[in-house]
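Colleague: here's my sequence, what's the structure:
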Amino acid sequence: MEKFIRKVITPSLSRGFTLVELLIVIALLGALAIGLIGALDPFEQLKKGTDTGTRNNVSETHSAFIRYYALKGYMPWCDADGVCADLTTPTALSDDIFSAADTGVLAKVVASGELKDTFTKVNEGDLAKIWITGTAMQAIVCYQPTSKSFRSDKNTKYAKDGTDQIDPACGTTDLTACYWCVR
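Modeller: As a prediction, the model looks like this:
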C-alpha cells in the first residue's frame with residue numbers, strides 16, 4: 001500500500017525535460033532563426049522592393065510615351081512639326097526637359113491623359129534613376145538595378161542608352177554599366 005501511495009502522490013522523475021535539455025533546444029532554435037535571417041538578407045529585400053517600384057515606373061513611363069505617340073503622331077519631346085529635342089544621349093527623367101512644371105515632357109504626357117498628374121510627385125525620388133534615350137519615333141527607358149536578383153535578370157544587359165551590352169560582367173561585378181531597359 002505504501003508503494004501505491006508514493007506512486008500516486010510523488011510524480012516520477014522520468015517525466016518531462018530537464019533544464020539543460022530545454023536550454024539546448026532553445027539554443028538550437030535561436031541558431032536556426034539567425035541562419036534564416038541571414039539567408040533572407042533584409043537589406044537585399046529592401047533593395048528588391050525599391051527596384052520593383054522603379055521598374056514599374058520605367059514600364060509606365062515607356063508605355064505613356066508610346067500611347068502619347070499613338071495619340072499625337074509624335075513623341076512628347078518633339079513638336080507637331082517634327083522638331084525634336086536631342087535625346088541621343090541618355091537624359092535623366094529628373095532633367096528639366098522632362099520635369100519642368102508647365103513645359104516639360106512629363107507635363108505634356110500628363111496633359112494628354114497618358115500619365116496621372118500625381119506621377120511626378122509620387123515618384124520624385126525615382127525620376128533621377130530613370131534614363132531616357134529617344135528619337136522622333138522611339139523611346140528607350142532604362143534604370144540601374146541595385147538588388148542582386150534584378151542585376152542578374154536576363155533583361156539587365158543594356159548600356160544606359162539602351163544599346164545591347166555584351167559584357168559578361170553585367171549583373172555580377174561591373175555594376176556601373178548594366179541597365180534594365182524597356183525599348
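Colleague: I'd guess residue 20 is in a helix, am I close?
Modeller: Yes: judged by DSSP: H, G, I helix; E, B strand; the rest coil, residue 20 forms part of a helix.
Colleague: which strands and helices sit next to the longest helix seen in the chain?
Modeller: For the chain, the helix with the greatest residue count under DSSP state H is helix 42-72. Contacts defined by 3 or more Cβ pairs under 8 Å, 6 or more residues apart in numbering; DSSP states H and E place helix 42-72 against helix 105-111, strand 130-134, strand 139-143, helix 148-151, strand 179-182. Every residue, glycine included, has its C-beta placed from N, CA and C.
Colleague: one more time with 10 Å, if that's ok
Modeller: Packed against helix 42-72, as judged by 3 or more Cβ pairs under 10 Å, 6 or more residues apart in numbering; DSSP states H and E, are the following elements: helix 105-111, helix 119-122, strand 130-134, strand 139-143, helix 148-151, strand 179-182.
Colleague: just the CA coordinates for the fifth one, please, in CSV.
Modeller: These are the backbone C-alpha positions of helix 148-151, laid out as CSV (Å, rounded to 0.1, in the frame of the first residue of the first chain):
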residue,chain,number,x,y,z
LYS,A,148,21.3,41.2,-56.8
SER,A,149,18.3,39.4,-58.2
PHE,A,150,17.4,42.2,-60.6
ARG,A,151,21.0,42.7,-61.6
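Colleague: and that helix, what does it pack against?
Modeller: Under the contact criterion of 3+ Cβ pairs under 10 Å, 6+ apart, helix 148-151 touches helix 42-72.
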